[in-house]
Structure formats: structure tokens, C-alpha cells
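Asks: Pasting the sequence and the predicted model now:
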Amino acid sequence: VVDDAHSKVVTGVCLDSQAAVMLTVSFDGTAKLWQAADMAHLWTYSLDAPATCAAWRPDDKAFAVGMDDGTWSTRELKPTRAEARAMAEERLRKRPKVKGELRGIDAEPMADDEVIEAPKRKARRASCGKEVDVFLRKYEYRKLVEHMIQPSTNELVGFAILDELLQRGALSKALYNLGEKLCLACLRWFSKVFVKGDSLQHHLFEEAIHTLLDHNHCLNPPATPELTDAVDKLSSKMGEELKRQEVMMETSGMFRSIMLV
């Protein structure tokens with residue numbers, strides 16, 4: 001007779017991978033662990049329903065039990081003090097930032113080795129990117145525009161914001177009825193970044209400036225002297241750029257005519 005035996009029929013018996021601990025389950029709604037050598041009772045787990053089968057996890061740290069109501073349950077064994085200490089030390093151990101292959105990170109290259117220098121990563125402006133992500137997740141497009149025109153925001157980040165708004169189809173919503181103060185700040189920002197980027201940035205600039213002018217009554221026509229002055233300055237810059245492009249086209253035409261002679 002075994003002490004602490006099940007009160008109803010045993011429906012499942014299985015040994016761990018070392019054949020040291022035996023798991024039994026029963027219709028009495030319990031799972032029991034036994035020392036396989038002498039059948040000494042180790043622990044009893046209460047289940048939610050009568051059990052029909054059981055199986056160990058391959059690492060012997062947990063087991064699963066199937067019940068007759070179609071559900072199943074798992075139990076995980078508590079680690080020993082030595083195992084818990086080892087896991088804590090593993091978590092605290094610092095991982096090397098550079099992985100040394102084969103000969104270690106301190107080994108000197110041989111004469112016939114081809115040395116490849118890993119590129120150094122530039123520090124990211126975490127604060128700026130984090131704020132932009134938050135505004136995008138919350139669909140706070142007005143705050144996104146306000147963040148874009150701040151002096152502390154990098155111009156590349158500003159164009160990335162315009163690109164994201166354009167892809168989302170939210171550029172009109174973001175620039176709709178900004179008010180005189182915010183429209184003035186936007187015009188000054190557009191004047192600052194004009195003719196500084198590539199073709200993609202020129203496209204984003206054109207889309208944004210057209211949307212800004214179309215969706216703000218205070219700009220049609222400019223409602224204040226400050227807005228009028230800002231529009232004039234931006235228009236002058238664009239006119240100068242058009243003249244420069246015309247000169248470049250004429251020069252390019254001269255080169256083509258020379259080459260045809």
C-alpha cells in the first residue's frame with residue numbers, strides 16, 4: 001500500500017527522462033509526483049477536472065495534464081536554489097558588444113588576413129523619434145506639425161514626417177485650418193528648408209505647400225502683414241530657383257549643341 005495514493009482510478013503514469021520522478025494523474029482531479037526508486041510521495045497538484053493523460057516536458061521542468069472536459073493544464077516545477085542562482089547570474093552577466101569569431105576578440109590578424117572594419121553606428125536622436133512615434137500612434141497630426149517646425153527638429157526628420165503624412169493620406173487633415181500663428185511658422189520653416197534636398201524632398205515640399213495654401217483661409221489672401229511678408233519671401237526664393245534652373249537648361253543646351261558640331 002502506497003501512502004497518499006489516489007482515491008480514484010489512475011489514468012496516466014509517466015517517468016521523466018532520467019526515470020527518477022514518476023508522474024501519476026487520476027479521476028480524483030489530482031496529479032502526484034513520486035520518487036521512482038522507493039515510491040516516496042513528493043507533491044500533489046490539484047486540477048480543475050478529472051485527469052485522463054499526462055506528459056513531461058523534454059527538460060523535465062514541467063508537465064501537461066489533459067482533462068476529461070477537453071481542457072488541459074500545465075504545472076512547472078520550482079527551480080532549486082542552485083538553479084535559481086545560476087539563472088540570476090546569467091541574466092546579470094554582460095554580453096560582449098563585439099563577437100570574436102574563432103580566435104577571440106583580442107587576437108591579432110595574421111599576415112594573410114583581410115581586415116574588415118565594422119562601421120560605427122551614429123547615435124540616434126531618440127527623443128525626437130520617440131515623440132514622432134507617439135504622435136503617429138495617437139493620430140495627433142496637429143501636434144506632429146507643431147513638432148516638425150520646431151527649431152530643434154532636424155530637417156530630415158521634418159521631411160520624414162511629411163512623407164509619412166502623405167502616405168497615410170493625412171496631409172490635408174494635418175495642415176487644415178492651422179491658424180495665423182501656426183501658418184506663419186510653417187511658411188518660415190518651408191522657406192528655411194527650400195532648395196536643400198533631393199528630388200523626393202522637392203516633391204514633399206510641393207505637396208505640403210500646396211496643401212497648406214489650399215486648406216487655410218488666412219492665406220487666401222494672407223490676412224496679416226507678417227503672413228504677406230512670409231509668402232513674398234517664399235515666392236521670391238522659388239522664383240530665384242526657377243531662374244537658376246532656366247540658366248542651367250540653357251547651359252546644358254549649349255553643351256549639347258557643341259557636342260553635335
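Replies: Thanks, I have the structure now.
Asks: From now on I want contacts and neighbour counts done on CA atoms only, so please keep to that.
Replies: Will do.
Asks: name the element the spatially most central residue of the chain belongs to?
Replies: The centroid of the chain falls nearest to Asp133 when counting by CA atoms, centre = their mean (9.5 Å). Element membership for Asp133 (DSSP states H and E) is helix 126-137.
Asks: does Ala31 really touch Asp48, like I thought?
Replies: No: Ala31 sits out of contact with Asp48 when judged by CA atoms under 8 Å, with a separation of 10.8 Å.
Asks: Between those two, which has more neighbouring residues?
Replies: Neighbours per residue (other CA atoms under 10 Å) separate Ala31 from Asp48, with Ala31 holding more: 25 against 12.
Asks: Looking at strand pairing, list the partners for that one.
Replies: Beta-bridge pairing of Ala31 under DSSP bridges involves Val25, Tyr45.
Asks: The stretch 1-150 of the chain: strands as residue ranges?
Replies: 10-15, 21-26, 30-35, 40-46, 51-56, 62-67, 72-76 (DSSP state E, counting those that start in this stretch).
Asks: number of nearby residues for the residue nearest to Met22 when sequence neighbours are not counted?
Replies: Closest residue to Met22 apart from its sequence neighbours, by CA to CA, 6 or more residues apart in numbering: Leu15 at 4.5 Å. By other CA under 10 Å, the residues close to Leu15 number 18.
Asks: ok, the residue nearest to the centre of the chain to His147 distance?
Replies: Counting by CA to CA, to the nearest Å, the separation of Asp133 from His147 is 12 Å.
Asks: mind giving me the domain split of this protein?
Replies: 10-76, 128-222 (the TED database).
Asks: what about the protein, any weak spots by pLDDT?
Replies: 1, 94-106, 118-129, 195-198, 248, 250-261 (pLDDT under 70).
Asks: mind listing the helices for it?
Replies: Assigned by DSSP state H, the helices in the chain fall at 81-92, 126-137, 141-148, 155-168, 171-174, 180-193, 199-214, 225-260.
Asks: JSON lines for the ones you listed, including distance to Asp68?
Replies: Output for the helices of the chain, formatted as JSON lines (distance: least, CA to CA, whole Å):
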{"stretch": "helix 81-92", "distance to Asp68": "35"}
{"stretch": "helix 126-137", "distance to Asp68": "45"}
{"stretch": "helix 141-148", "distance to Asp68": "54"}
{"stretch": "helix 155-168", "distance to Asp68": "51"}
{"stretch": "helix 171-174", "distance to Asp68": "57"}
{"stretch": "helix 180-193", "distance to Asp68": "67"}
{"stretch": "helix 199-214", "distance to Asp68": "63"}
{"stretch": "helix 225-260", "distance to Asp68": "77"}
